[in-house]
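Participant: model this:
(one chain, ligands or ions: 1)
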Amino acid sequence: MSEQVLALDIGGTKIAVALVDETGAVTSEVVRPTVASLDAEEVFAAAAAAVVEVLAAREPSDQPLRVGIGSAGPIDAPTGTISPVNIAAWRDYPVVRRVSDTVADVLAQPPVVGLAGDGHCFALGEHWLGAGRDLDSMVGLVLSTGVGGGAVLGNRLFAGTTGNAVHLGHISVNAWGPRCVCGGHGCVEMYARGPALVAAARERGWRGGEDAQALTADARAGDPVALEVIEVGMRALAAGIATTATELDVRTFVLGGGVSRAGEVVFAPLRRHLRDFAVLGYVVDLEVRPAVLENAGLLGAAALAFTL
Ligand SMILES: [Zn+2]
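Facilitator: Below you'll find the model as predicted:
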């Protein structure tokens, strides 16, 4: 019988909990909206209820349950705490201890629990079962309302000291640029993330829909302003990717997230600008692949659990 691990994918809008086996098959899954409350324990109670519900479907086992938690960041892996930007109630929230206690109550045996950021879990998921499954090393990137990422190097997650390595969205690509929410200047995210593309288009007179999906649809239809802001955003992202490739000596990037689903209208300018930045011998042949999984974050949390 194949071992099952427990995977949690914690985000600002929803929390997914599932049992996943060694083939990546999701054998039980509960998805709940993230509770909009400023009470930390109220937010956790909904997640804990999902854990209890999912564990009821677990096949009996004598082995301690292995648990992988993927969470919106920032996280602090050594202390097992998280402070997700989009979950205001949780600041230095001890999620590893709280999940561990919840599982121990149900199974009468303490689990083994690991924690990673959502960008890292995305990379682990795509590496295990998605667009990077043929690779030893790759960087996964999520292009949506932010720009997150994670690297798998030699088939191992490169977590960094605190578990936040390869935060590509906050690489500065314009040292004289405006101040970013992170405190830095001219970060990739300020030009490439979905809301930044929309804001830039609005400034130039675009009167299309509300979000990046509407913007990329207009770009596909040939709208010159939409094409222009995507051009600028993908140049910033290309600079960030080239910097990361030059530092890590990795050849393949897997790009996912809402904005990337627009397809060639995003990938074509990104690849074109990459050729302008990635010029050193060992990075000239960088490859950017579209992500293929719908639930890379959840499967990545499971992949993390299997390494514990
Ligand atoms: Zn920043």
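Participant: Can you tell me the closest non-neighbouring residue to the residue nearest the centre of the chain?
Facilitator: When C-alpha atoms, centre = their mean is applied to the chain, the residue found nearest the centroid is Gly119 (2.6 Å). Spatial nearest neighbour of Gly119, chain neighbours left out: Gly148 (3.3 Å); criterion: C-beta to C-beta, 6 or more residues apart in numbering. All C-beta spots, glycine's among them, are computed from the backbone N, C-alpha and C.
Participant: secondary structure element for that neighbour?
Facilitator: strand 147-153 (DSSP states H and E).
Participant: what's the next secondary structure element after that strand?
Facilitator: strand 156-158.
Participant: Which neighbouring elements make contact with the helix or strand that that following strand is followed by?
Facilitator: Downstream of strand 156-158, the first helix or strand assigned by DSSP H and E is helix 188-192. Packing partners of helix 188-192 (3 or more C-beta pairs under 8 Å, 6 or more residues apart in numbering; DSSP states H and E): strand 147-153, helix 194-203, helix 224-248.
Participant: and of the ones you listed, who's closest to the ion?
Facilitator: Closest approach to the ion among the helices and strands packed on helix 188-192 (C-beta to the ion): strand 147-153, 9.4 Å.
Participant: close to the ion, is that closest one?
Facilitator: No. Strand 147-153 lies out of reach of the ion by C-beta under 5 Å from the ion, never closer than 9.4 Å.
Participant: Next, the angle helix 194-203 makes with that strand.
Facilitator: Counting by axes from the mean of the first three to the mean of the last three C-alpha atoms, to 10 degrees, strand 147-153 lies at 140 degrees to helix 194-203.
Participant: Not counting strand 147-153 itself, show me its contacts.
Facilitator: 73, 116-124, 127, 132, 135, 137-142, 157-158, 165-169, 188-189, 192-193, 237, 240, 244, 248, 250, 257 (C-beta atoms under 8 Å, 6 or more residues apart in numbering).
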